[in-house]
Structures are given as C-alpha cells and as structure tokens.
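J.: from the sequence below, what's the structure:
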Amino acid sequence: MTLRGSARRSIPYLVAIMSGFLLAYLIVAFFLFPAHLVTSDTKVPNVVGQTYEAAAAQLKKVGFVPQRGEQRFTAGTASGQVLGQTPLPDALEPHGTRIVLDVSQGQRTGTVPQIIGMTRQQAELALQHVGLEAGDVTQRESPTPRGQVLSSTPSAGQKTPLPSEVSFIVSSGPSQLAVPDVTGQTYSSAAQLLMQVGFRVAPAQLDTVTAGAPEGTVTSQDPSGNEPAPPGVTVRLRVAAAPRHP
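T.: The predicted structure is shown next:
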C-alpha cells in the first residue's frame, strides 16, 4: 500500500470528523450561548420634536417602553412636544428599554392685572407681582387726577407670554382747572390746598388796605376763585396785614 493511497482513504474520515466538530460547536453556541450570536439590540429612533403621543407610538412599535420625564415651560415650543430623550437617538438598546421623554409645557403666560386708576408706581408694582414689566408709558389730558392710569395694552384680564411688557397711558390732568376760592383762609392753609390741586403759589403779598380782615388771612387772589386756569399756574395771594395803630 502506497503512502498516497493511504492519504486518499483518510480524507473522508477527516471530513466527517471536521463536520461533526462544526455541528457540535454550532449546537453548543446556539443552545448554550445564544446571546453571543443573536442580539436583540435596536437603534433608538429620534423622536425629539414630535408630540409625546406620536413619539410614544413610534417607540412602542420598535419594542421600547416610553416614559414621560421632565416637563418644563419653553418659549417657542408647543405644549406636549418632546424636548429631549434618554437614551439619546441612534443608541443601541435591548427591547423593553425605557426611553425617558422630556416634554414641553409650552410658553408660560400670565394675566394682566387691573391697573386703571392706579398711580404709575402702583401699576409698575402690580405688573412686577405677576411677572410682567412696564413698557411704554405715555400721557394724555384727562379730567382724572394727574398721574392716574387711564388704560393698558394688553388690557386687564388678557393672557400674555412671560416675560413681556404692558404699556399704559397716564393722565396729564385736565387742560383747565377751577382755581379754588381760598379767601378767608390763612395763607398756609390756602397755599397747601392750591398746591394739592396742581397750582403754584407765590409768596404772600401784604394787604394793608382791606379793613376788618383777620391778620394773616387771604383777602384776595389772582386768578380769582372758581376761575379756570391751566395746571401749574402761579396763584398770587394777598394777606391781611396787622392793623396799624395811630
């Protein structure tokens, strides 16, 4: 028997041995260690920008479990829109992994308070209390007292994004006021009243002519009592002087 003939006859045995070994390896690999050969990992889809409902449906479809995460107010983003996700998009994760979705609550809003009738300072404080700011403040002639708020934009009760500004108009006072009649009052009382309603008061002028008027009381005024005059006009008062003794 030649060496070449022996080699030829052993080939079938070698093939059988190798085939058996390979078959045994595959059986062990598949039944004892399947995780090494068969993976259940799936790429996490990108659902940022979708509504939570649409994002949850897409995640469930590929085997993930959606979970609502942080909810926060966000300017320029609709309420219910997904802002972020964990794990991140394109990550490989096993089926059943929880995907946490952060969701927008939309733009924070506030209600414009009622500021009509307030002073400018009171109105600014009322706006700050609800997270709003005072915008442009303009003046307009009005019979209402000077500095009182006449209107606001947006108006009271309206919803507006936070932060934002509320503009308002304040009264510059009437174009004409009736000058109070202060004759017979003391100079200090008369001056105080006139200044309270928006007039200026000149230093007292002594009246040595009018007889019988108590010393220190107003005997006349210019402009006269109840005469209309623009706010800020100076009112001149004549005050009775002490009587002269011969």
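J.: excluding its backbone neighbours, what's nearest Ser172?
T.: Gln139 (4.0 Å; C-beta to C-beta, 6 or more residues apart in numbering). In short, each C-beta sits where N, CA and C put it, glycine included.
J.: now that neighbour: how far from Met118?
T.: 15 Å (C-beta to C-beta, to the nearest Å).
J.: looking at those two, which is more packed in?
T.: Met118 (19 against 14; other C-beta atoms under 10 Å).
J.: any low-confidence regions in this structure?
T.: 1-39, 243-246 (pLDDT under 70).
J.: over to Ser189. Which of the three states is it?
T.: With DSSP: H, G, I helix; E, B strand; the rest coil as the basis, Ser189 sits in helix.
J.: now do the contacts for it.
T.: Val182 (C-beta atoms under 8 Å, 6 or more residues apart in numbering).
J.: on that earlier part again, isn't the residue nearest to Ser172 right up against Ile169?
T.: Yes - applying C-beta atoms under 8 Å, one finds Gln139 in contact with Ile169, separated by 7.2 Å.
J.: gap between the nearest residue to Val100 once chain neighbours are set aside and Glu53?
T.: In this structure, Val100 finds its nearest non-sequential neighbour in Gly69, 4.1 Å apart by C-beta to C-beta, 6+ apart. From Gly69 across to Glu53, the span is 15 Å (C-beta to C-beta).
J.: between the two, which is the more surrounded one?
T.: Taking neighbours as other C-beta under 10 Å, Gly69 and Glu53 compare with Gly69 leading, 17 against 11.
J.: dihedrals phi and psi, Tyr193?
T.: Actually, residue 193 is Leu. It isn't Tyr. According to degrees, to the nearest 10, the main-chain angles of Leu193 amount to phi -60, psi -50.
J.: hmm, Gln185 and it touching each other?
T.: Yes - counting by C-beta under 8 Å, Leu193 touches Gln185, with 7.5 Å between them.
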